[in-house]
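>>> Following is a predicted model, sequence given first.
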Amino acid sequence: MATEALPAVAEPPDLGEAARFWGPRYGVWALIVAVVVAVGLLGPNAAQHGVVAAAYVIVGLSLNIILGYTGQLSLGHQGFVGAGALFAAYSATKVGLPFGPALVIGVAAGAAFALLLGFVALRIRGLYLALITLVFGLALQVSLFQAPSLTNGGAGQPANRPSSLLAPDRYYFVCLGITLLVMYLDYRLTKSKAGRAFITIRDDERVASAFGINVTAYKLLAFVLCGATAGLAGGLLAFASQQFNGNSYTFQLALTFVLMTVVGGVGSRSGVVVGSVLFALLHDFLATFHPFISLTHVLPGQLSTNAQQFGPDLIGALLLLVTLAVNPGGIHAGIAPLMSWLRGGDFTRADDGPASHGEGPSGRP
Amino acid sequence: MSAHLVLASVGSTVGTPLVGGIVNGAVYGLVALGIVLLYKAGRIFNFAQAEFGTASAFVTVAFLQGIGPFPKVPAPLAVVAGLITGGLLGFLSERLIITRLFRAPRATVLVATAGIALFLISLEAVLLGVSTPHVFPRVGGQSHFALFGTLQSNDSYKFGYTEITMVATLLVVAGLAALFFRTRYGMAILAVSQEPTAAGVVGINVRSISALTWVLAGVLGAVAGIVNAPFTGALTPGFMTLNGPLINGFIGAILGGITSFPGAFVGGLLVGVVSSYAGQYMPAAVPGGATVVVAALLLFTLLVRPTGLLGQEV
């Protein structure tokens, strides 16, 4: 949650001579930076959770490229993330590459699978594409991720961190740096020719095509960028647990990725970051949250044990439904005034909202 | 994720891959029918469709066995209770969540339905736990499902139940088709899906049509869950969503052309039979062979015939 304001934001909009007090704003920025840094200093447990949160943020940004910028939904992200994790682990352990190059292999693997899927899938649009990605991710999950030759006979491919990064706090700061880099690149992407092309395609493919945008090429590019970022997150996750285990990359994980992006606010970088951090930490936070645990003791017998084990999932799902029912724009709509203020605008002034992500209204009665 | 796992359990008790495939395929077909219904009515992909079935199957089991606060009742009553549960879940989903997302993008609606499924799964896990599996009781020697009074011996019961499954599914398909093409209600659903405002102008109650459609989808999900439960054996929270029926139902619906009821049923059967044979004959060295074959089948069908086998509109 601490990283909520870190996205590379636009320069403060120039409001002319409107009196702006930067003191409090700097204070809040400093607080956010302090919390993010403190996570790395609070001991190995906090740092380990911080690493997972950083990887989730990268996955969220990856999904945001495809869902927020081009309006396509991917339900097979466990495939890309898992492929990145698998190949990073394999090249580190079996080939003996150092950390950096192994991570690059992970990125390349994610991009390669996205390219492969993109060639087949890009003639299909909308929710059909979502289903194709779902089936693709599932096929990877049950075949490639279980292949004995790649996964150490099914026992899991080790991915040991180099001794210089062995301490969780050091690894956390490396992940944090990579996450900030991805955010910056994502910000640059939205300001580039390709970024504008993506958004035009999202709004109307035919109009984009009429303006001379090569729709298929740009959709493929978005797909590959999305796969590459997901592969990067996978590599970081593999080194975080120091192992690739095919059973961790399931369809439920892909659903979690989509949930955190949509709940965060599709098309909004800050919203997606907050949503990703929330989903990465909520379960473990609740599972060790004392008021929650003592609440479960009120329940009788077996119910109490069950509630301790699965209560966090139940509360997470409930929060998701309430967020969507009360505010379909997700977290973004909630933090938009704060973000606007942090950038130097008014607190109440609405930001330009999460871009509507294609497809228009659901058209249901 | 585990079409092959499900098949493994069925294949061992049911003789040939064909019979096992048809049984699973009928369940996939039923799930696909619910998916198609909501897609036709409102262009929604309902990821909670199979979970309506899990919840209903659990309620049926609870009534059959008299678990917890539930009284023990005869089998037909328990099944009716399960169907009512499904309809109620569909109704509540529509009223509490889906109506509020009227103007939201489709991805948000999809996420909301997935959220409903996750909520139901974790609710089941909290209420039932995962350590004590609940077995769907089969009257007569603990291993029979004699709900319809057919079966006597261990070997024959599966076959009899298979036939019942098929007949039930065909009846549901026929009923749905009749509903859509022979009644004013079906016409109203189609009208609302095409142009809600105009449908309201000509006197259709758009709100109640939408709610009724979801009730119907919930009941369909319940049928799928209750039909599947005896074949699944030990019921675990989310068994319909996590063990194959949901995803294979989606694949079946798309194979058949997402807007066609007969297509959905045929597509579901096809997925069941193909993955059953693939699970049997793919070399064991290829992990997840059945899923890969089904995925290839889906991709190939969509490339050759993007509207699916029996679909007309996309």
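Cool, got the structure.

>>> Where do the helices of chain B begin and end?
Secondary structure of chain B by DSSP state H: the helices cover B:3-13, B:17-42, B:49-65, B:75-96, B:106-128, B:154-182, B:184-194, B:196-201, B:206-232, B:239-242, B:245-255, B:261-281, B:289-304.

>>> Pick the most deeply packed of the ones you listed.
helix B:245-255 (a mean of 30; mean count of other C-beta atoms under 10 Å in any protein chain shown). (Each C-beta comes from the backbone N, C-alpha and C, glycine too.)

>>> For that one, output the C-alpha coordinates as CSV.
Extracted in CSV, the C-alpha atoms of helix B:245-255 (Å, rounded to 0.1, in the frame of the first residue of the first chain):
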residue,chain,number,x,y,z
PRO,B,245,-16.6,-28.1,-15.5
LEU,B,246,-16.4,-24.3,-15.6
ILE,B,247,-13.5,-24.0,-18.0
ASN,B,248,-14.6,-26.9,-20.1
GLY,B,249,-18.1,-25.5,-20.1
PHE,B,250,-16.7,-22.2,-21.5
ILE,B,251,-14.7,-24.1,-24.1
GLY,B,252,-17.9,-26.1,-25.1
ALA,B,253,-19.9,-22.9,-25.3
ILE,B,254,-17.4,-21.3,-27.6
LEU,B,255,-16.9,-24.4,-29.7
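
>>> Any idea which of the helices of chain B has the lowest pLDDT on average?
Looking at the helices of chain B, the lowest mean pLDDT belongs to helix B:3-13 (a mean of 37).

>>> contacting residues for the residue positioned nearest the centre of chain A?
Among the residues of chain A, the one closest to the centroid is A:G60, at 1.8 Å (C-alpha atoms, centre = their mean). By C-beta atoms under 8 Å, 6 or more residues apart in numbering or on different chains, the contact set of A:G60 is A:257, A:260-261, A:264, A:272-273, A:275-276.

>>> which two in the residues you listed are spaced the farthest apart?
Greatest spatial distance among the contacts of A:G60 (C-beta to C-beta): A:F257 and A:V273, at 13.7 Å.

>>> Looking at those two, which has the bigger crowd around it?
A:V273 (30 against 26; other C-beta atoms under 10 Å in any protein chain shown).

>>> Buried ones in the helix or strand that contains that one, by neighbour count?
Element membership of A:V273, judged by DSSP states H and E, is helix A:269-287. Buried residues in helix A:269-287, counted by 16 or more other C-beta atoms under 10 Å in any protein chain shown: A:269-282, A:286.

>>> Give me the distance from that helix to the chain's centre.
Chain-centre distance of helix A:269-287: 10 Å, with C-alpha atoms, centre = their mean, to the nearest Å.

>>> Could you check the angle the helix or strand hosting A:V182 makes with helix A:269-287?
Applying DSSP H and E as the criterion places A:V182 in helix A:168-190. Counting by axes from the mean of the first three to the mean of the last three C-alpha atoms, to 10 degrees, helix A:168-190 lies at 150 degrees to helix A:269-287.

>>> Check which element follows helix A:168-190 along the chain.
Next helix or strand after helix A:168-190 toward the C-terminus (DSSP H and E): helix A:193-203.
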